[in-house]
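>>> could you work out the structure for the sequence below:
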Amino acid sequence: GVFCLMAKTFAGLGFGGLMPLLKYIGCVLLGLAIQAFIVYPSIMVILTRLNPIKFFKRFISVMFFAFSSSTSNATIPLNMEKLSEMGVSRDISSFTIPLGATINMDGTAIMQGCAVMFAAQAYGIDLGTSALITVVFTAVMASVGTAGVPSVGLITLNMVFNSVGLPVDAIGIIMGIDHLLDMFRTAVNVTGDAICTIIVSFRSKALDLDVFNGKKEIVKKEIDYFGD
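Down below sits the predicted model:
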């Protein structure tokens, strides 16, 4: 099915459509990098005055797991465990991490915005100001309603395209390379969940700063789930 969609798209655009596709990939990766390594750390520094470098050094394993699994939901247990090792209260992370895995899809919103511009340029459609505002609103709402499973952003992308009258045929060519981009945006989504959790924990005075700064290690408690 994916091959037929790509064949139909290339038949209409020709192989000259490869260059816009490469630009699309680069634009998405650039947007994700800015979100993960500039926007998130800046918010963290402004609201907590904590060192984001310390966070990334300890959180990198979770980002790799999210990258390889392409699913925010599967990363929830590892995310909560790693945040607990950073001194975050389990009471807070057990609420914010599952919630963030459901509604915090910044990477998906970035991808959908770039996909709209890619499709508009590929088909020579000029989007006006009102259409761009509609895209921003629809992409954010669609990302909030996106489940934390692999490549589900393509399903809600259909709704974004329809909101501004773009041909859904362009999704066929995007679908062929979306898995690679999905890996990156899942890592960004999971990182955003963790940083927001740290901010909430800090402002609720439930963050152990000594543990976060590496001055002491948290004592793990063994729980017998099958005991009396």
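>>> and after the helix or strand of the chain with the lowest mean pLDDT, which helix or strand comes next?
Every helix and strand in the chain was compared by mean pLDDT, DSSP states H and E; the lowest is helix 2-13, with a mean of 64. Moving toward the C-terminus from helix 2-13, the next helix or strand (DSSP states H and E) is helix 18-34.
>>> and the helix or strand just after that following helix with helix 18-34, angle?
On the C-terminal side of helix 18-34, the nearest following helix or strand under DSSP H and E is helix 40-48. Counting by axes from the mean of the first three to the mean of the last three C-alpha atoms, to 10 degrees, helix 40-48 lies at 20 degrees to helix 18-34.
>>> quick one: list the elements packing against helix 40-48.
Contact partners of helix 40-48 among helices and strands, from 3 or more C-beta pairs under 8 Å, 6 or more residues apart in numbering; DSSP states H and E: helix 52-69, helix 170-203. In short, each C-beta sits where N, CA and C put it, glycine included.
>>> between the ones you listed, which one is closest to V39.
Closest to V39 of the helices and strands packed on helix 40-48 is helix 170-203 (C-beta to C-beta; 8.8 Å).
>>> what comes up buried for the closest one?
170-175, 178, 181-202 (16 or more other C-beta atoms under 10 Å).
>>> ok now the helix or strand just after it, how far from the chain's centre?
Following helix 170-203 in sequence order, the next helix or strand is helix 209-212 (DSSP H and E). Mean-position distance between helix 209-212 and its chain equals 27 Å (C-alpha atoms, centre = their mean, to the nearest Å).
>>> list of residues touching helix 209-212?
Helix 209-212 has contacts (C-beta atoms under 8 Å, 6 or more residues apart in numbering) with L50, K54, F55, E85, M86, G87, V88, I198, K216, E217, I218.
>>> dump these into TSV; add pLDDT as well.
Formatted as TSV, these follow (pLDDT from 0 to 100):
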residue	pLDDT
L50	94
K54	94
F55	96
E85	93
M86	94
G87	93
V88	94
I198	96
K216	70
E217	67
I218	60
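>>> buried only: go through these for me.
For the contacts of helix 209-212, a burial check counting by 16+ other C-beta under 10 Å picks out L50, F55, M86, G87, V88, I198.
>>> low-confidence ranges, this structure, go.
Where the chain drops to pLDDT under 70, the residues are 1-3, 5-17, 145-153, 217-228.
>>> from what I see, I92 and F202 are in contact.
No. If you go by C-beta atoms under 8 Å, I92 and F202 don't touch, sitting 9.8 Å apart.
>>> from memory T134 sits against G165, does it?
No. Judged on C-beta under 8 Å, T134 makes no contact with G165 at a distance of 10.0 Å.
>>> out of those two, which sits in the busier spot?
Between T134 and G165, T134 has the larger neighbour count (other C-beta atoms under 10 Å), namely 17 against 11.
>>> tell me which strands and helices the helix or strand harbouring the more buried one is in contact with?
According to DSSP H and E, T134 maps onto helix 129-144. For helix 129-144, the packing partners by 3+ C-beta pairs under 8 Å, 6+ apart come out as helix 106-122, helix 153-163.
>>> highest average neighbour count across those?
Of these, the one with the most neighbours on average (mean count of other C-beta atoms under 10 Å) is helix 106-122, at a mean of 23.
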